[in-house]
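Engineer: Here is a sequence together with a model predicted from it:
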Amino acid sequence: MNHLDIDILIDKATEYVGNTWPLYSFVTSNPLSGLEGKHFLRATQEAGSLLDAEMFPKASVYKKALDNGAIDPNEIQELLKEHGYSYTPEESLKIMFKKASKKTENQQHALDQYMVKWLSSFMDEGLAEWQMPYKQEGFFHAWRKLAPYDGSLGTVRQTMIPKTSDEALESVLNGQPQETILKAFTQHLAALPGWTGYIKHRGTNLQAWQKEAPIQLKDYLAVRLWANKKLGFQLVKKNVLENTQDQRAGLPYVWLLAWERSWQKELLKTLKKSAIDVSKNEDSRPDAQLVFCIDTRSELIRRHVESSGKYETFGYAGFFGIAMDYKNPKNGLAQKACPPILDSCYVVTEEADENQEASKIHLDRKNELSTFWHYFLKRMKNMLPSTFGFVEGSGFVYGLNLTARTIFSKYLYRWRSKDRNVYEEVCTPDIKNIDTTVHPEISIPLTEKVGIVKSAFDLMGWKNFAPLVVFAGHGSHSANNPFGSSLDCGACAATPGRHNARMLAKLANDKEVREQLFNQHGVDIPKLTHFLGAEHNTTTDEIVLFDSEVPNSHHKALERLKENLKKAQITATQERLGRTKNSVSLAQLNASNWGETRPEWGLAKNASFVIGPRKLTQNHNLDGRCFLHSYDWKTDTEGKALVGIMQGPMVVTQWINNHYYFSTVDNETFGAGTKTTHNVTGKFGVVQGNGGDLKRGLPWESLFEEKDMPYHPPLRLTVVINAPINRVDNILAKNDSLKSLIINEWLHLVIMDPETHKEVLWKPHQDINTKVKDEKISKPTNKKVYEELSV
Amino acid sequence: MTSQYTTFPTLSDRQSGKADVTGMVPFLFWILFLANVVFALVNFPNIPEWRWGDLFRTNGFTLLLFTTVSFFSAIISTYAKSYFKERGQRSKFMVLCLAFTFAVLFFIISEHLLLLLLGWLLMGLVMSRLIGFHADWGEAKEAKKLSRNYFLVGSFLLGVGLLVPAAYHNSITLSAWTDAIGETPKYIMLLSTFCIITAALIQSAIFPFHKWLLSSMTAPTPASALMHAGFVNGSGIILTLLAPILIASNTLDVLLIIGGLTAIIAQFTKLIQVNVKQRLACSTIAQMGFMIMQCGLGFFSAAIAHLILHGFYKASLFLSSGEEVEKLHPKAPPSIRIKWYQGLIVLVFSLMGAYLFALLTGKGMAWDSGIFLTLIAAIAVGQMTYNLVKQNPLNGWQKIVLPPVLFISGIAVYALVYTTVTTFMNGMEVIAAPTSISPFQMAFGIVFLIGFFIMKLGSYRKIPWLYVRLLSLSQPAKKTFLSFKN
C-alpha cells in the first residue's frame, strides 16, 4: 500500500462527504453533490444507509399533501400502478406509516468525542483567545505533540505515535485489502460528515486559515484510525453499506414523483393561461425597468413593483454576471461575490468619489474605531482580574442593553437604517483584475467591460430601454442570527448583492462602453437612460436605491420611483406577512428582534425554475415558489444565452433546491436542527447543545412551520424552459453534465415549446425499478422519450 | 387583492388564533417587575418588613432580589415568545419560566427552614427540566439527569446543614436559626458549615462541581440565560442569608480560597473555549468564583451587587450568542510593550481609580480585606488604560481623556449600585463583615497576582500541557454529547 493508493482511496471515499460551508458565507449546496453522477434513488439509498438518514418525506407529510390537494390522487394511483404496485394510495400510506425510525446509541461515541474535541480546537477561526499550540505544524503533528497530556485514550506516549499521517495510516491499515480500506475510510469520514466536510471546504476555499493551521482529510483519518485502534474498536463496522437493497425507498420515491407531477401540472396550467392572456401593450415604454435576482423572493416583490406603476421587471442571476470578489471597506477582507461554481476573475473595491475623499476617510476611521472598541471589550472580558472589574463597572450598561434590545429593537433599527448605505453614498465601485500581476492598479480592458454588459442584456432578451434602469441585488437583515448569510444572495456566495448591482450599473453608464456596444454590437442605449444599483431587503421588502450619481434630469422620475417602491413595500409585506395593518413595522421588527429565529422564510417553498419572458409568469401569483430568469427565445437565435443560463443559474438553483430538500427530509442529518439549542463554534459554524458534529444545513426554523409540518414542500426542482424543443435537445446533447443531472433525476426538465404549444417532460428512457429486491439501475441510455404533460 | 390569482395547495393549514394562555406570561412578568419597581421607589430607603407567622417574610433584600428576578423573567420570556416557533415548546417554556420564577420567589421569602429548603429544591428541579427541555433528545435527557443529581445532592446537603443545628436549637425559622447559631457546639457547626458551603458551590458550579454547568447547553438559549443570570446566583443568596454561621465557624477563608482559585482557573479555561456557550459557561464559573471570594472577604453586599450586575452581563451575552459568526483573518496575539511614559499614565490612573473606588464604596479605606477589592479595581483600571494608550486608532488627547471618562463613570455607576444594594439590605444580619488582613490572605493575594501576571505576559501560551489539561477539564460529561445516533 503506497501513499498514492491511499490518496486515491481517500478521494474516492470523500464522494460521500459533502462540502460544509462556513456560516459567514453559507451556500445552500447539495449535500450529496459527490453522488450526482448516480441516479437519485441509488444515491439516496447509499447515503441513507451510510449516514443512517431519512431520504424521503415522512408518510405524515405525504398524507397531508394528499389531503390538501398538493398531491393529485389520480397521479399517485397511476404512478403506483406504473411502478408495479397493486396498493391503493391509502394502503401504501399505511405501509409507510409503519416504518418508524428509532434512535440508537452511538457505539463509537468515545471516538467521535475525541475527534470533535481536537478538530474543533484546531479548526477554530478566532473564537478562542488561546489558540491550540503547534497549530502551524498541521493537525497531525500538533495532535501528536499534545496527545500524551490527554488521558482520554489511556496512556499515550509520543513515541507510540508514528511520525507522519502516512505512517500512522500504514501502521493501522497494514495488510488490509483495498476494499476494506475504502470501506473504513468511507465510514470514518461519514461518522462526522459536518466536520469532514468542513476540512474539505477549508482545503480549497480558506487559504488564510489553511496556511495558519493546515489540515487534510488524511490527517483526520490518521488520527481517527489510530485512536480507533487504541480504543480497541474494529476497523470497519459491520452491516453498513451492505443493505442497500432497501425496500423502504420504493414507495416514498413513487409518492415523491406523484407530488412533483402534481406540482408540474398545476404550474403549467397557470403558465399556459398567462401565455394566452398577455400579448398586448408591449409597445408602451415603461417609466423604469428593474432587474431582480432570480431568487424566489423576487417573484413577490416584482409583482408588487409592477402593479405600483408603469414598470417593467426582469430576472437575472443576482451576481449580475460579474465573477468578482468584493473587498469590504469595513474590514479590508475580500469576500467572494459570485456563485461558488465560478472562479472569481475580478476584485471590486470602493474608491472615493470626487470631492468625497474626506468623507471616506472619516468613515474608515469610524470603522477602525469600532473594530478597536470590540477588541478592547474582548480584552477587558478575557483578562484577569479586569474581567471582574469590567463586569461590575459595565453591568448596568448591559442591563440597559437588555431592555433596549428587547423592547425597542424596531425603533433602534429604524434609527440605524438611516445611514445604512454610507459607503455607497461617497464611493464608487472600482473593478480590477484579481490577478494583480496582470494589470496591477488599473482597470480591466474595455472589451471585458463591454462583454459583461452585453451578456446581461443578451441573457435577459432585452429590447428597449427606459429612462431609469435599476439593477437590484438583494440582502437580508436579521439580528442575532448565525444563519444570516443563508438569507442573502445565493448567487453572490451568500453575500448581499448590492455591490455587483452597483458595479454593473457603473459599467453600463460608462460612455466608452456604450459607444463600443453600439459600434460593434448594435446595442443602442439611449443617452437618456441612466443605470443605477439598488438593494432589495428581503426581510422588509424595502428597496434602497444607490442614487448618488443620478443626473438632475432624472430626479423627478427618481422621486416618483421611490414613492412607488414604498407603496410596493407596503403591499408586498402585507401579502407576505398576511396582515393588513402595520405590515412594514412588523417586518422591521422581524429584521431587528434578537429573539427572532425566523426573520423571513428565505427560499423555502422553491420548487421550480422558469426560464422565459416575464409575460409568461406575469399576472399570476406564483407564491414565491419559482426562480424566474428572463429569457427570450426569439432574440437568442443561436441558443448561446440559453446554454449560459442552463450551465450557470440552473445548476445553482438545483443546488439550492436539493439543499432545501435534504434539509427538510432529515433536518438533523442534513440540516441544522432547531436554532434554540445552537452553539456557535469557532466563529464559522454551529453545533447542537454540548457539541457534536458540525451542522451543515438549514435550521428547522427556516423549513418547518410546526412540529412535523414542513413549510417547504420537499420537491425536486422542475425547470421550465420556454424554447423550442430542438434547441434544448441540441444543448443537452453537447452537455453531458447537464444531461446527467436530468437523467439521474436531480431535477426535472419541462420544455414549453412556443412553436408547437406543447409541454413535454424531457425524460430519457431508463430502467429504474423501485420494487424488485436486488435492484440494479441500468446505465441510462440516450434514447430520448418526451412525455407529454396534458394540462 | 390576491383573489385574482390562482392559489397553489400548500401543506400548512393555518389555524389562526387558537388561544394560548401562556402567551400572557411575559406580560405578567412585566407587570410584576413594574409593581416591584414602583413599590421600591415609593418606599425607598425604608422598605417595610412583613411577616406571615413563621412561614414567610419580606423585606428590602427580598424586594431587591425579586425585582431583579422579575426583570430577568420579563426580558427572557419576551425573547422566548418569538424564539420558539413550535407552539408546544413555547408554552412549555413559558410554564417552566413561570415555575422557576415562583420557585425563586418562594425561596427568597421563606422564613420557615423547610419552606426555604423546598424552594431550593424546586429551583433545582425546574432548572434540570429546562436543561432537558427537548425531551425527545437523548443527550438532553442525560444532561437533565446529571444536573438533577447534582441539585438533589445539593438540596440534601443544604437540608443537613440547616436542619442539624435547627434540631439542636429547636429553631425552625431562619431568624431564630441565625440568632442561635453562635452557641452551637463546634462539631455541629463545622458539619453544618461544610454542608452549606458545598451546597452553595454545587449551585454555582464552582470547581470541582462544574460538570453540570458545562453539560447544560442542551437547554435552549433563553433557559441558559435564566440559568446564568438567575439560578447560579442561589449560592450568593444562601451564603448571605446564612452568613452568621460562616463568621461564627471562622470559615470565610475557605470561601476565599475556593472562590479565588476557581476564578483564576476558570478564567484560563475560558480562553481556550471554541464554542460560544462553553466560553460563557466558563466565564460564569469564574465570575461566581469571584463572587464567592467576595463572600470570603466578608463583603456579602458586594457579592449581591456582583451577582445582579453579572446577571445583566451574562443574560445579554447569552441572548446575543448567535452573533458570534464572523469572518476573521488569522492574526498573531497583540504585542504587549508600551513606552515608559505610557506606563506612567497607567500607574497614575490606577492609583486614581483605586482612590475613587475606595472613596465611593468605602471598601479599602481601612486596613482590612477590602484592600483586596480595591486592588482588583486598581488593576482593572490599569489594564483598561493600558489597552487604550497602546497603539490604536485613538489620537493623543483621546488616549488621555477616554480612560478617566470610562473608569470614573464605571466606578461611579458601580458605587451607586453597590450602595443601593447595601441600603436594600438594611436590617440583614450581616451585610459586610470585612476581616482583618492575615498573612494567609496576603499569601493568597500573591497567588492571585501571579495568575494575573501569567495571563498578562501571555506566558501561558507556552505551556502545552496546561492547554490540554484545561481542555479535558472543560469537556462536557460523556453521555451528554454525541452519545446517540438519531
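Structural biologist: That came through, no problem.
Engineer: give me the low-pLDDT residue ranges for chain A?
Structural biologist: A:1-4, A:99-103, A:239-248, A:274-283, A:419-421, A:436-442, A:764-786, A:790-791 (pLDDT under 70).
Engineer: can you map out the strands along the stretch 351-486 of chain B?
Structural biologist: B:484-485 (DSSP state E, counting those that start in this stretch).
Engineer: and the helix or strand harbouring A:Lys381, which residues are buried?
Structural biologist: Element membership of A:Lys381 [criterion: DSSP states H and E] is helix A:357-382. Across helix A:357-382, burial judged by 16 or more other Cβ atoms under 10 Å in any protein chain shown covers A:Ser359, A:Lys360, A:Leu363, A:Asp364, A:Asn367, A:Phe376, A:Arg379, A:Met380, A:Lys381, A:Asn382. In short, each C-beta sits where N, CA and C put it, glycine included.
Engineer: quick one, phi psi at the residue nearest to the fourth one when sequence neighbours are not counted?
Structural biologist: Same thing as A:Asp364. Setting aside the residues directly before and after it, A:Asp364 is nearest to A:Pro329 in space (Cβ to Cβ, 6 or more residues apart in numbering or on different chains), at 6.9 Å. The phi/psi pair for A:Pro329 (degrees, to the nearest 10) reads phi -70, psi -20.
Engineer: and A:Pro329, how many neighbours?
Structural biologist: A:Pro329 has 17 neighbouring residues, counting by other Cβ atoms under 10 Å in any protein chain shown.
Engineer: Ok, A:Leu622 next?
Structural biologist: 24.
Engineer: Can you classify it by secondary structure?
Structural biologist: coil (DSSP: H, G, I helix; E, B strand; the rest coil).
Engineer: mind checking how far A:Arg202 is from A:Leu189?
Structural biologist: 15 Å (Cβ to Cβ, to the nearest Å).
Engineer: of these two, who's got more company?
Structural biologist: A:Leu189 (25 against 21).
Engineer: The more buried one against A:Thr14, yeah?
Structural biologist: Yes - assessed by Cβ atoms under 8 Å, A:Leu189 is found in contact with A:Thr14 at 6.4 Å.
Engineer: shared neighbours, the two?
Structural biologist: A:Thr196, A:Leu217 (Cβ atoms under 8 Å, 6 or more residues apart in numbering or on different chains).
Engineer: Show me the domain layout of the chain.
Structural biologist: Answering for chain A, as no chain was given. A:3-23+A:107-243, A:55-100+A:248-277+A:603-667+A:703-791, A:287-601 (automatic domain parsing).
Engineer: Let me rephrase: I mean chain B.
Structural biologist: Split by automatic domain parsing, chain B gives B:113-321+B:474-480, B:340-431.
Engineer: Show me where the stretch 351-500 of chain A has its helices.
Structural biologist: A:357-382, A:386-407, A:409-416, A:422-426, A:446-460, A:498-509 (DSSP state H, counting those that start in this stretch).
Engineer: moving C-terminal of the helix or strand harbouring A:Glu91, what's the next helix or strand?
Structural biologist: Assigned by DSSP H and E, A:Glu91 belongs to helix A:89-98. Using DSSP H and E, the next helix or strand after helix A:89-98 towards the C-terminus is strand A:104-105.
Engineer: Can you tell me the strand partners of that following strand and which way each runs?
Structural biologist: Strand A:104-105 has the following strand partners under DSSP bridges: strand B:484-485 (antiparallel).
Engineer: tell me the mean pLDDT for the partner strand?
Structural biologist: Mean per-residue pLDDT for strand B:484-485: 77.
Engineer: got it, and stretch B:433-447?
Structural biologist: 86.
Engineer: swap in stretch B:412-425?
Structural biologist: Rounded mean pLDDT across stretch B:412-425 is 95.
Engineer: residues in contact with the lowest-mean-pLDDT helix or strand in chain B?
Structural biologist: Taking mean pLDDT, DSSP states H and E as the measure, chain B has strand B:484-485 as its least confident helix or strand, at a mean of 77. Identification of contacts with strand B:484-485 by Cβ under 8 Å, 6+ apart yields A:Asp52, A:Lys103, A:Thr104, A:Glu105, A:Asn106, B:Gly138, B:Glu139.
Engineer: Tell me who's in contact with B:Leu105.
Structural biologist: B:Phe66, B:Val69.
Engineer: Same list, the helices of the stretch 351-500 of chain A, but as a markdown table with distance to B:Leu157 please.
Structural biologist: Formatted as a markdown table, the helices of the stretch 351-500 of chain A follow (distance: least, Cβ to Cβ, whole Å):
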| stretch | distance to B:Leu157 |
| --- | --- |
| helix A:357-382 | 33 |
| helix A:386-407 | 27 |
| helix A:409-416 | 43 |
| helix A:422-426 | 59 |
| helix A:446-460 | 73 |
| helix A:498-509 | 60 |
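Engineer: Go through those helices and name the closest to A:Cys293.
Structural biologist: Proximity to A:Cys293 (Cβ to Cβ) singles out helix A:498-509 among the helices of the stretch 351-500 of chain A, at 9.1 Å.
Engineer: Can you dump the C-alpha atoms of the closest one in CSV for me?
Structural biologist: What follows is helix A:498-509, C-alpha atoms only, in CSV (Å, rounded to 0.1, in the frame of the first residue of the first chain):
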residue,chain,number,x,y,z
ARG,A,498,-25.7,45.3,-3.9
HIS,A,499,-22.0,45.7,-4.9
ASN,A,500,-22.5,43.6,-8.0
ALA,A,501,-25.5,45.6,-8.9
ARG,A,502,-23.7,48.9,-8.5
MET,A,503,-20.8,47.6,-10.5
LEU,A,504,-22.9,46.6,-13.4
ALA,A,505,-24.7,50.0,-13.3
LYS,A,506,-21.4,51.8,-13.4
LEU,A,507,-20.2,49.8,-16.3
ALA,A,508,-23.4,50.3,-18.2
ASN,A,509,-23.2,54.1,-17.6
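Engineer: Let me see the contact set for the residue nearest to A:Asp364.
Structural biologist: Here A:Pro329 is in contact with A:Thr349, A:Glu350, A:Leu363, A:Asp364, A:Asn367, A:Tyr423, A:Cys427 (criterion: Cβ under 8 Å, 6+ apart).
Engineer: try it again with 7 Å
Structural biologist: Under the criterion of Cβ atoms under 7 Å, 6 or more residues apart in numbering or on different chains, the neighbours of A:Pro329 are A:Glu350, A:Asp364, A:Tyr423.
Engineer: how about the residues of the stretch 651-791 of chain A that lie near chain B?
Structural biologist: Proximity of the stretch 651-791 of chain A to chain B (Cβ under 7 Å from any Cβ of the partner chain) is limited to residues A:668, A:676-684, A:687, A:689-692, A:701, A:705-707, A:709-711, A:713.
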